[in-house]
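Asks: Model the structure of this input:
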Amino acid sequence: MTNNVPEHRVHWVKSSYSSGHAQCVETAIVAGGRLVRDSKLGEESPILGVSGELWAAFTRKIKSGELDQG
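Replies: I've put the predicted structure just below:
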């Protein structure tokens with residue numbers, strides 16, 4: 001997935017779990033998937049684009065605890 005969406009048309013969202021923490025990611029829903037960036041870098045952050053299918057698989061693994069360390 002490529003990021004062809006103009007920055008001013010993207011609505012970035014930070015997790016409610018990250019309140020008060022500086023090291024977070026932000027996501028944006030776009031046609032075909034999601035964009036992800038580093039919240040502390042804001043507009044200067046590199047942007048990772050992932051397909052909707054990949055994002056769904058990733059969030060399923062997070063929710064199941066499969067990606068937990070230790």
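Asks: elements contacting the worst-scoring helix or strand of the chain on mean pLDDT?
Replies: For the chain, using mean pLDDT, DSSP states H and E, the weakest element among its helices and strands is strand 13-14, scoring a mean of 88. Packing partners of strand 13-14 (3 or more Cβ pairs under 8 Å, 6 or more residues apart in numbering; DSSP states H and E): strand 25-30. In short, each C-beta sits where N, CA and C put it, glycine included.
Asks: Give me the buried positions along the strand it packs on.
Replies: 26-28, 30 (16 or more other Cβ atoms under 10 Å).
Asks: got it, and stretch 32-52?
Replies: By 16+ other Cβ under 10 Å, the buried positions in stretch 32-52 come out as 33-37, 39, 47, 49-50.
Asks: how far is that stretch from where the chain is centred?
Replies: Chain-centre distance of stretch 32-52: 5 Å, with Cα atoms, centre = their mean, to the nearest Å.
Asks: Same question for stretch 14-31.
Replies: Taking Cα atoms, centre = their mean, one finds stretch 14-31 lying 7 Å from the centre of the chain it belongs to.
Asks: and if you look at stretch 47-56?
Replies: Centre-to-centre, stretch 47-56 and its host chain are 8 Å apart (Cα atoms, centre = their mean).
Asks: averaged over its residues, what pLDDT does it have?
Replies: Here stretch 47-56 scores 96 as its mean pLDDT.
Asks: all strands for this structure, in order.
Replies: In the chain, strands defined by DSSP state E lie at 13-14, 25-30, 33-38, 48-51, listed in chain order.
Asks: measure stretch 12-25 end to end?
Replies: 10 Å (Cα to Cα, to the nearest Å).
Asks: that older thread, need the strands of the chain in a markdown table with distance to residue 60, can you?
Replies: Compiled in a markdown table, those are given as follows (distance: least, Cβ to Cβ, whole Å):
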| stretch | distance to residue 60 |
| --- | --- |
| strand 13-14 | 19 |
| strand 25-30 | 15 |
| strand 33-38 | 14 |
| strand 48-51 | 13 |
